[in-house]
Structures are given as C-alpha cells and as structure tokens.
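Visitor: Got a predicted structure plus its sequence, pasted below:
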Amino acid sequence: MKSEKGMKENIPILEVRNLKIKKGGITILHIPSLLINKGETLSIIGPNGAGKTTLLQTLSYLSKQFQGEILFKGEKIDSNISILDFRRRLSFVFEEPLLFDTTVFNNVASGLKIRGFKRDEIKKKVMDELDRFGIKHLYNRSSKSLSAGEARRASLARALVTEPEILFMDEPFSSLDPPSRDSIIEDLKNILNQRKTTLIFATHDRSEAIHFSDRIAVMNEGRIIQIGKTDDVINHPLDEFVASFIGIETILSGKVIQRYSGTFIVSIDGQEIEAVGEANVGEKVTLFIRPENVTLSTSMTKGKTSARNVFRGKVLKILPLGLFKKVQLDCRFPLIAYITNHSLEELSIQEGKEVEASFKATAVSVIRRSKNE
Amino acid sequence: MNLIIEGIKKAFWLIISFDPEVMGITFLSLKVSGTATMISLLIGISIGIGIALSKFPGKRIIISLINTGMGLPPVVVGLFVTIFLWRNGPLGFLGILYTPAAMIIAQAVIATPIVMGITVAAIQQLPDKLRLQILALGATRLQMVWFLIKEARLPLLAGIMAGFGGVISEVGASIMVGGNIKGYSRVLTTATVMETSRGNFDIAIALSIILILLSYFINLILTQIQQRELKVKSEK
C-alpha cells in the first residue's frame, strides 16, 4: 500500500483542475487542484456534510454537475476519453451494499456482463473473486439472505472482479461491527496491494483512515483543508479544524527505534515515547494517547512521577470542557490533556506557560502500520 | 331457479363442446386485450421509467395526472376514441372505427396509465443510489434501465396484471368503438351484455364463466411467478 517508491510514473492517475460545484448560487465544493498517484490510497476524512460524498461522486463522474476538469492519466474525461470508458475502469462501493435482488453469483457477475465478457470467463472470474473474499460457498444464495458482513464482501467482490484501476469507497465499513470490519479490511488491503489498485475512500473514522492510507485529505465545508502523507497530517495538523478533527485525542506517528522486552521506544520527530507491546525496530507505528491519561505538573513536582514518558511543553490553548479543561500542549509534538478545573487553578497553568506532561507507557495505544519497512 | 340451473347446464355444454361461436369470441377477447396490454406495457413502462428517472418542473403534477388516469372510465375513453376515429374526426381517414383495431386502441388507452402509474411507483421506490451503483458498474443508459426493470420486476408484474385485468373485463369502450359486430368485433364482455339483454342467459352465463376463468388463469400464472420470487426472497 505504500507508494513512496512507486511514484516514478509521472502522470497522475487522476487529476483535478479547478473543480467547483455550485448549488443555488452557493459554492458547495471547491477543489483548486488535486493529484492522485497510481497505486496510492488516499482517504478523505471530514465531518458529515463536508462534501466527501460529493467529491467522490464527482471524481467518478457519477455526478456531472460541476465546473472544472478531471483528467484520467492525463486525458480529459468526456472529451479525450468517454465517460463510459472511464467508468468501466473504476469501481464504486457505496455505504450500503446495494446488491441486486438476485444471487450472490449474479451480483458479482453484473459488472462483467455489462462489459460483455463470455459466460465461462465470467464464471471463472466470479468464483475466483468470491474465493478471495471468502464467500465462495455463498455463490448461490439470494443477496437478501446475507448478513451485513457477507453483503459487504459481496459488494466488494462485485466492485473488484472487473479489476478497476481506481476503487472509490464511500464510508464502506460504517455499518459493520468491529470484528467483521477488521477482517474485511485485511482481505481488501491484500487484494488492492496485489493489483496496485488506486483507492480513494471517504470516512469519518480517523482510525480507519490511518489504518489504510498513504495520504489523508481533511475536508470541511466543501474544501480540502489539508492533504498530505498520513504521518504529516497526524503530527502536524495545519489548523484548528484539522487538529480538532484528527486530534481530539493525541494521535502520533513515528518509527520504532529501540526494542526491549515488552516495551519499545518510538521516535516522533526526535522526541522519544515509550510504549508497551511488541514491535520491531524500524517499524512504523501510530500512537494514541487519551487526554485523560496525561498528567500535568509544574516543575515543583518533578521527579515524583512513576510515568515513563515525561515531556516539557508549552501550553498553547486552554478550552473549557464542563468539569474539565482541555489543554493543548506543544511538546515538539502536539499533546492534549484533560485537567480538572481545581488542578488547573492549583498549578496555575496558563496559556503560554511551560508545564510538564507525563503519561505512562501503558497509556499509549499502538497501531502497527507496516510489518517491515 | 330453474333458469339458473338450466343456464349453467347449457353453459357447460357450450364450453365442453367447444362451440365455434363461443370460441371465436374468446380468442378475439384474448387477442384484443392481449395486444392492448402489450402496447400499454411498451408505452407505459418506457415513459414511466423516463418520468421516474428524470427531474423536471411539474413532475408531481404529471405523476398525479397519470395516477388519475389509472381510473379512467372506459365509456369516456370509448367516447373520445370514437370521436377521433369518426369519419370526419382527426383520425377518420384510417377508417378503423368498429374494427378490432379500434378496440385495441381504446383498451390500450385504458391500460397505459395503469401500467405507467405502477411503473413510476415501482422505479421510484428503488433507492436513488442504486442507479448510481449500476452506472458505476459501467452500464450504458440502456443497460441501467434493464437492471432497474429487473430490480422492480415484482411490482411491474402487478402492473401487468392490473392492466390486463382492467381491459379484459371492460365493456363500455369496446362496445362503443367495436360495435359488437357478430363474428368480427364481438368479445366476451360485449357478447355478455347483448345476450343478457336478449334474455339468452345460458350463453351469457357461459361467456361469464369463460371470462372469469380466463382472468383467473392469467393472474394465476403471474401470481405464481410473483410468489415464487417472494419465497426466494424470504428464504433463510
């Protein structure tokens, strides 16, 4: 799924030039420029109504109500390449499975039938794809009798059996329970990886986006606020909105630089954080630190904590949060802590002042992003 | 009482003996109503889908007009078709008044709004995104419509049943534009009206039984298809 090394193809698979959508005189989407590279995974995150779905449906030419240009491999769609040709080289997975009222086999075969494949070819491709998604045994079942997870697998198989160059997914996992979600994501990752399929998907679930993507685009009010490598966006949110959306809790990305038995050290822009668990040196990981697990203190209490991770940082902002205050810190990485109103007063923490933040190694949850890097 | 028993006896004899006149009337009924239903399917389904899928101002007004048309009184249709086909009417040059062709036209006019109204409702009840999903699978517009028809096949089947049921049992328009000419434009309903008014209850009963059996069998076949589909749906 990593594409850093695979960028030698200069022509982006998809390019957006000055895309604008207006509704009733109001601009609801404005993307001045967007380049998507072959084989990369770009996730689009943002709150409901940010324009994620509109952007996906426009990029896939399902909605044509826009101004601007979209180029597929440098060819302008609808002039150098027909919309139908373009659509036959992509697939779109919606939030709902949207299966047809027929068997699983016929569902998965539909894209191939549309493309005029021969019957025996269809049979082979469909059964292979069902096998990849672990639902071969369901081929003769009515789509109406499937569980949510099975239906999602069937709809993914239907989308991928045509071997699209670009796969669009709009909140594909939001209605699944976590175990079936995780297993589907694993299967899908493998298949996309093998075929070097470009994936563009929208989600409002940050962990899903981090799990999956090479790049993240954060959208709000019809605009891309920030786009960049997943780590960069997570560790260096551009503004308040991105920070609040991506970093309601502290999310950090870094590399494992040392390993002990049961714990390891992660370097985040030179700062070292200790976490509990197994990970190999050189491995990329994402760390989550819940704000209620971060303790703040002034220099007077130094040395009295049992926490392994102690950082000095500057208070950027204090936001009221009911009985608590939310304190945004800059410890050369962004860190967020909750503190009771009482403690805040007692420690006389103010914006601009220096404090010491500490959290235990066990308070750091870890997502391993790559087995070998 | 004797009248009814004698009538039913005679009626069964007419049916069992394949009385040529009764058979001729039955086949003409099937031919006229079947053709009219086919025409109404072609027009009703294609325009119905077109309306359901497109956005235009006044769409709701059009749909409510179609729905009103689903209950068009056959005599009103008969009146207007007669006027149009009248010797100096707009379509008088065709010279088809008092022919089976005129009856087909009148019955198609009756059945088309029924089929169209049910088609619009059937397509509109499909999720909006389904259309986008079909397009995203690479479908042409025609392929998309075909997929939608397949998805809406159960309510569409109901539309066919309603359309055919409406015209096979209709009498007003048929008698007005067909003229109930013996051996030429006489169908089950018009013949029943005539024989009843003459007091030939035996023949009238025979014709009625055939009419009921006919619409029963055709609906039985369609219902069978529909129920089998529903059963597949609810299995497991």
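Guide: Everything's here; your move. Residues are numbered from 1 along each chain as shown, chains lettered A, B, ... in the order given.

Visitor: And the helices in the chain?
Guide: No chain was given, so I picked chain A. All helices of chain A, identified by DSSP state H, fall at A:52-59, A:83-87, A:104-114, A:119-132, A:148-160, A:178-195, A:206-212, A:230-235, A:240-246, A:341-346.

Visitor: my bad, the chain I had in mind was chain B
Guide: Going by DSSP H, chain B shows helices at B:2-16, B:20-53, B:59-69, B:74-85, B:100-124, B:128-136, B:141-151, B:153-168, B:172-178, B:188-198, B:201-234.

Visitor: Of all the ones you listed, which one comes closest to chain A?
Guide: helix B:128-136 (3.6 Å; CB to the nearest CB). Just so you know, the C-beta spots here come from the backbone N, C-alpha and C atoms, and that holds for glycine as well.

Visitor: picking up where we left off before, make CSV out of the helices of chain A and add mean neighbour count.
Guide: Below are these laid out as CSV (neighbours: other CB atoms under 10 Å in any protein chain shown):
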stretch, mean neighbour count
helix A:52-59, 22
helix A:83-87, 17
helix A:104-114, 23
helix A:119-132, 16
helix A:148-160, 23
helix A:178-195, 15
helix A:206-212, 20
helix A:230-235, 21
helix A:240-246, 18
helix A:341-346, 12
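
Visitor: among the ones you listed, where is the model least confident on average?
Guide: The minimum mean pLDDT among the helices of chain A belongs to helix A:240-246 (a mean of 74).

Visitor: just the CA coordinates of that helix, formatted as PDB?
Guide: Output of helix A:240-246 as PDB, limited to C-alpha atoms (Å, rounded to 0.1, in the frame of the first residue of the first chain):
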ATOM      1  CA  GLU A 240      -7.600  24.300  14.500                       C
ATOM      2  CA  PHE A 241     -10.100  22.400  12.400                       C
ATOM      3  CA  VAL A 242      -7.800  19.700  11.300                       C
ATOM      4  CA  ALA A 243      -6.400  19.400  14.800                       C
ATOM      5  CA  SER A 244      -9.800  19.100  16.400                       C
ATOM      6  CA  PHE A 245     -10.900  16.600  13.800                       C
ATOM      7  CA  ILE A 246      -7.900  14.500  13.700                       C
END
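
Visitor: pretty sure A:I265 is in contact with A:K255, am I right?
Guide: No: between A:I265 and A:K255 there is no contact under CB atoms under 8 Å: 9.9 Å.

Visitor: Which residues are in contact with A:R332?
Guide: A:269-271, A:311, A:313 (CB atoms under 8 Å, 6 or more residues apart in numbering or on different chains).

Visitor: Pick the one among those residues closest to A:P334.
Guide: When those are ranked by distance to A:P334 (CB to CB), A:G313 comes first, at 9.2 Å.

Visitor: Would you quantify the distance from the closest one to chain B?
Guide: Here A:G313 is placed at a distance of 47 Å from chain B (CB to the nearest CB, to the nearest Å).

Visitor: How many residues are close by that residue?
Guide: 21 (other CB atoms under 10 Å in any protein chain shown).

Visitor: Nearest spatial neighbour of it, chain-adjacent residues omitted?
Guide: With CB to CB, 6 or more residues apart in numbering or on different chains as the criterion, A:G313 has its nearest non-adjacent residue at 3.5 Å, and that residue is A:C331.

Visitor: Does the one you found touch A:R312 like I think?
Guide: Yes: with contact defined as CB under 8 Å, A:C331 reaches A:R312; the gap is 6.8 Å.

Visitor: what residues do the two have in common as contacts?
Guide: Common neighbours of A:C331 and A:R312 (CB under 8 Å, 6+ apart) are A:A357.

Visitor: who has more neighbours, the two?
Guide: Each of A:C331 and A:R312 has its neighbours counted (other CB under 10 Å); A:C331 has more, 20 against 13.

Visitor: which ones are touching the more buried one?
Guide: A:271, A:311-313, A:357.

Visitor: Return the subset of those lying in strands.
Guide: Of these, the ones assigned to strands by DSSP state E are A:271, A:311-313, A:357.

Visitor: sorry, back to before: how close does the residue nearest to A:G313 get to A:E354?
Guide: Distance of A:C331 to A:E354, given as CB to CB, to the nearest Å: 10 Å.

Visitor: Give me the common contacts of those two.
Guide: A:312-313.

Visitor: Let's test this: name the helix or strand in chain A with the lowest mean pLDDT.
Guide: When the helices and strands of chain A are compared on mean pLDDT, DSSP states H and E, helix A:240-246 comes out lowest with a mean of 74.

Visitor: other SSEs contacting it?
Guide: Judged by 3 or more CB pairs under 8 Å, 6 or more residues apart in numbering or on different chains; DSSP states H and E, the packing partners of helix A:240-246 are strand A:215-220, strand A:223-229, helix A:230-235.

Visitor: Give me the contacts around it.
Guide: A:45-47, A:206, A:216, A:218, A:220, A:225-226, A:233-234, A:237, A:328, A:334.

Visitor: What's the local residue count around the nearest residue to A:K196 once chain neighbours are set aside?
Guide: Distance criterion CB to CB, 6+ apart; nearest residue to A:K196, sequence neighbours excluded, is A:G39 at 4.3 Å. A:G39 sits with 21 neighbouring residues when counted by other CB under 10 Å.

Visitor: Straight-line length of stretch A:160-178, end to end?
Guide: Start-to-end span of stretch A:160-178 (CA to CA, to the nearest Å) is 22 Å.

Visitor: That stretch close to chain B?
Guide: Yes: Stretch A:160-178 is in contact with chain B by CB under 8 Å from any CB of the partner chain, via A:162, A:168.

Visitor: how far does that stretch sit from the chain's center?
Guide: Stretch A:160-178 has its C-alpha centroid displaced from the chain centroid by 13 Å (CA atoms, centre = their mean, to the nearest Å).
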